[in-house]
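*Asks:* what would the 3D arrangement of this be:
(one chain, ligands or ions: 1)
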Amino acid sequence: MAVRIYALAKELDVDSKELVDVCTRAGVTGKGSALASLSDDEVARVKEYLTGGSGGGATTATAPAAPAAPVMKRPTGDGRDGKIRNIQAPKAGRSALRRDGSEAAESRPLDVVTPADDAPEAEDDASQVEAPAETPIAATSDAPVADDSAAAEAAEAAEATADTAKAEAKAEAQAEAEERKAELAQPGPLARMMGGGRGGSGKMPVIGAGQDSGQGAAKKRPGDGSRPRPVVKLAAIPAQTQRREAPKAKAKDETPTQKPDMKLPSDVLGGGSKPLAHQLKRAERTLEAAKLKEKEEAESKTRGRRGGAAADSSVPMLGGREQRQLTRNRGGGRANFRPRRMLGRRRKSGVNTAAPRKDRISIQLPCTVKDLSEAAGVPAVAILRILMEEGVMTNINAVMDPELTELVAGDLGVDIDFVQAETLEDKLLTAMDELEDDEASLKPRAPVVTFLGHVDHGKTSLIDKLIGIDVASGEDGGITQHIRAYQIENDGRPISFVDTPGHEAFTEMRARGAGVTDIVVLVVAADDGVMPQTEEAISHAKAADVPIIVALNKIDLPGVDPTRALQDLAANDLLPSEWGGEVEVVKTSATTGEGLEELLETILTVAELNEFKANPDRPAIGSCLESQQDADKGVVTKVLVQKGTLRVGDTVVCGEAYGKVKAMTDPLRPSRRLLEAGPSVPVNLTGLNRAPSAGEPLYVIDDIAAAREIADTRAHAERAEFLGSTGFQAATLENLFDRLDGVGDIQTLNLILRADVRGSIEALEKELTKLEHPEVRLRILQKSVGGVTEGDVLLADASEAVIIAFNVVPDDKARAKADQLGVEIRRYGIIYKVADDLKLALEGMLRPEQREVDLGRVLVQMVFKISRIGAIAGCRVLQGVVERNARARVIRENTVIGDYAIDTLRREKDDVKEVREGYECGVKLAGFNDIKEADLLEVYKVIEVTRSFED
Ligand SMILES: Nc1nc2c(ncn2[C@@H]2O[C@H](COP(=O)(O)OP(=O)(O)OP(=O)(O)O)[C@@H](O)[C@H]2O)c(=O)[nH]1
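*Replies:* Okay, here's the model as predicted:
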């Protein structure tokens, strides 16, 4: 019966990683990791090799009667017996998973450690030094091993020479031992990974009992004291993981990086999508503004001086009328004589322009026209005028995006700095995020295992089979459109599974799944191999920096060749362990159940190695996987708790939503109510005031008022952004450029999106962005979770929009209103059908192409001039056909002299629709009477051809 290497390692009480190496040396090849299986034969060979039999070949030749060195003996724990010692499995599993082949080779155990105090005895104890060299492992590790010949030489020298020579040899041996000691003081890569520095002098690291007693032995997990921890090779962690490193502190004397001193306006720097004339106009305006400012400053200085003069004691004291008269005359400026009309107009601007004008301002985003006016001390009308000149018609309360604000500020000659205010969110939530849990508070938690892969490769079927439910067969269109999370127990050990959709529209959901996961199971159909979404899933898994296990599914299909899929995986940096790589590939069939046990076992082994932990005793932080509006329960949010414990009654904030947790249920058994949920537990919770966006982190906070404030601020910001993106109200550079580019001519199809969950809206939006065409576009006016309401219908009517109801229905009022107003509500259940239909609708909006179709040629044989009617050409159809509503090009002496519509077409005296080849007919051309004998008419008609996006 086949047995896995790590199971055999357990049985033999050796380190499974070492056993992988031993397999290779014993001639059992192709075993890339501890999860590889061995046949009975192979097991026998390995055992034989280990007990010093002939299995290994090469090394035994040089091994003289080794005294049981390879026998996996339980250690004494003193770490100094020169034999076998225990090294614990990696504690922080991820580092162990990063090792590559070279490190593994380096990390082979050092065969012998001769402690410093033993060194002087080296000459007398040649057999002790030699013994480890006889072990199979010693043969591969030469550097730290005591050199047999050196020892022999030392012994020989001792015999052959006098006492002085003996002393020399002794000194030499001692020096050598010192050197070795120094070398060994540096722990090897494996030792480092295993958490042991120079924890002892053991030869082969062995997993098992006694690990606490050795030096450097790490803490054991509670409850599994006797279970050894196998070692699994997994995918190499990509380079980008380095971004997690804390930034290096700058050396004090390091010269700061120089910043270029660029004073050009941002739009000039931005590549100048505007015409040069426009740039010049702006430059002129800026110059004028600067001049004006200078003048104002000069005037105010003069005024100041005059004011000073008024206080001068040399001026005689005047009273009453004279004083008023003088003051009026001194003020002298035009303002004093400004007619009432002007004063009135000035007041109307409604903005306090008393603030002094500034050269440099700091302004908080989002910024309105009024904000800028107040900060810069410039009348709002001046700003509105600039905006108007730029083609942006807006009002004083309109929000300007940063680029537009900068542009206006540039025109006003004001330098601007944007500042971001510290919000309540920053204060409360960021602090929670940054709160580090101390090591002692961390408790083991279930691994979160996410299934990722291409559409239809069998993710849902595999999870269904693993947990014994049937979700796959009930899916609309056979594709997963929701993210799911369930927790099950296997032999008392909990595991949380996350199922993600494979369809390309669900990138966000896949990223979200990968973002909350500890382990990724990459499902690859054996008949299909690596496909685009598989590659995307690999990237997500790598970005999440988590171990990958590959489930090579559909292995039951007749004639499948897994080799191609394995090659694809190798090409994507996932070298399968059976090819000597580091990625476990388990061949599975969700249909027959083949390989599922092995898959589960592999998942549990990886989880065990990584020892996932979290602090359950802190305010919970989770992640919203999905949320939906339920007719009975209100907002139902699917949350995966990541840290802390979430309890019924907790106040939470999640994205733009907040509320108190009313109830929690187990997603797998919805009737099972939960009062609390700890780390790694997925729950469906109710109590939020609105459906939060999927992917939003959820925080438990004490104060409901603070939760409301945070949620409302976010909702407000999102609304402002959304309005900006739909082109309503907000003035942005983008809509300015749109206008300049003549985008106004584009035909627009307005949409209102309503869906069951936020994830569907995201996926729909993503899918719809692909429907791009220079002449038509889609504009989403509103998007929200829940059924179609009367308000939606009214908005659709006012904006001539179509309502897309995805997995939701209109309520009665909405339905009645839609019938009354003739608003179209289109209902869908499958995402790509929405995209297909909207594509057709947009294609229908494209102006049809006008195409000419040649009909025939006609020769004019005779011309009849009839008063009040005009010239009638008596013709013969030379080729093709003439139709009444066609057009004709008149050709005279090989030159086209005109192009006219056929007004009348007659045979004999009757009006006819068409005349065919060989027949005679009378043709009257609209607006052309100069027809002559021998003219040739080329008859054609114009047809309209509908266009598609592909044309
Ligand atoms: N023969 C065979 N068919 C399978 C196997 N696994 C899944 N299928 C079939 O493949 C189809 C897709 O399976 P799903 O489980 O829905 O695939 P999925 O990867 O979850 O698909 P999405 O979630 O839509 O990306 C279904 O018809 C399954 O019955 C398998 O191991 N063998």
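*Asks:* what pLDDT does the nearest residue to Gly644 once chain neighbours are set aside get?
*Replies:* Leaving out its chain neighbours, the residue that sits closest to Gly644 by CB to CB, 6 or more residues apart in numbering is Ala620, at 3.7 Å. C-beta coordinates here come from the backbone N, C-alpha and C atoms, glycine included. Looking at Ala620, its pLDDT reads 91.
*Asks:* same question for the one 4 residues further on.
*Replies:* In this prediction, Cys624 carries a pLDDT score of 90.
*Asks:* in which helix or strand would I find it?
*Replies:* Assigned by DSSP states H and E, Cys624 belongs to strand 621-630.
*Asks:* after that strand, which helix or strand is next?
*Replies:* Counting by DSSP H and E, the next helix or strand C-terminal to strand 621-630 is strand 634-643.
*Asks:* what angle do strand 621-630 and that following strand make with each other?
*Replies:* If you take axes from the mean of the first three to the mean of the last three CA atoms, to 10 degrees, strand 634-643 sits at 170 degrees to strand 621-630.
*Asks:* dump strand 634-643 to PDB, restricted to CA.
*Replies:* Extracted in PDB, the C-alpha atoms of strand 634-643 (Å, rounded to 0.1, in the frame of the first residue of the first chain):
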ATOM      1  CA  GLY A 634     -33.100  43.300   6.000                       C
ATOM      2  CA  VAL A 635     -29.400  43.500   5.100                       C
ATOM      3  CA  VAL A 636     -27.700  40.200   5.400                       C
ATOM      4  CA  THR A 637     -23.900  40.400   5.400                       C
ATOM      5  CA  LYS A 638     -21.500  37.500   4.900                       C
ATOM      6  CA  VAL A 639     -18.500  38.200   7.100                       C
ATOM      7  CA  LEU A 640     -15.400  36.200   7.800                       C
ATOM      8  CA  VAL A 641     -14.100  37.100  11.200                       C
ATOM      9  CA  GLN A 642     -10.300  37.500  11.200                       C
ATOM     10  CA  LYS A 643      -9.300  38.600  14.600                       C
END
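*Asks:* max-length strand in the chain?
*Replies:* In the chain, ranked by residue count with DSSP state E as the criterion, the top strand is strand 849-866.
*Asks:* pLDDT on that strand, on average?
*Replies:* 91.
*Asks:* repeat that for stretch 47-66.
*Replies:* Averaging pLDDT along stretch 47-66 yields 52.
*Asks:* please apply the same query to stretch 499-519.
*Replies:* 72.
*Asks:* where do the helices sit along the stretch 601-750 of the chain?
*Replies:* For the stretch 601-750 of the chain, the helices defined by DSSP state H, counting those that start in this stretch cover 704-726, 733-740.
*Asks:* which residues touch the residue nearest to Gly644?
*Replies:* 641, 643-647, 650, 652, 677, 698-700 (CB atoms under 8 Å, 6 or more residues apart in numbering).
*Asks:* related to what we said a few turns ago, list the helices and strands the strand holding Cys624 packs on?
*Replies:* Here strand 621-630 touches helix 507-516, strand 634-643, strand 682-688, strand 697-700, helix 758-769, strand 776-785, going by 3 or more CB pairs under 8 Å, 6 or more residues apart in numbering; DSSP states H and E.
*Asks:* and these as a markdown table, adding mean neighbour count and distance to the ligand?
*Replies:* Output for the helices and strands packed on strand 621-630, formatted as a markdown table (neighbours: other CB atoms under 10 Å; distance: least, CB to the nearest ligand atom, whole Å):
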| stretch | mean neighbour count | distance to the ligand |
| --- | --- | --- |
| helix 507-516 | 22 | 10 |
| strand 634-643 | 24 | 16 |
| strand 682-688 | 24 | 18 |
| strand 697-700 | 22 | 25 |
| helix 758-769 | 21 | 12 |
| strand 776-785 | 18 | 21 |
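*Asks:* okay, the ones you listed in TSV with distance to Ala2 next?
*Replies:* As requested, the helices and strands packed on strand 621-630 are exported to TSV (distance: least, CB to CB, whole Å):
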stretch	distance to Ala2
helix 507-516	32
strand 634-643	36
strand 682-688	35
strand 697-700	44
helix 758-769	42
strand 776-785	50
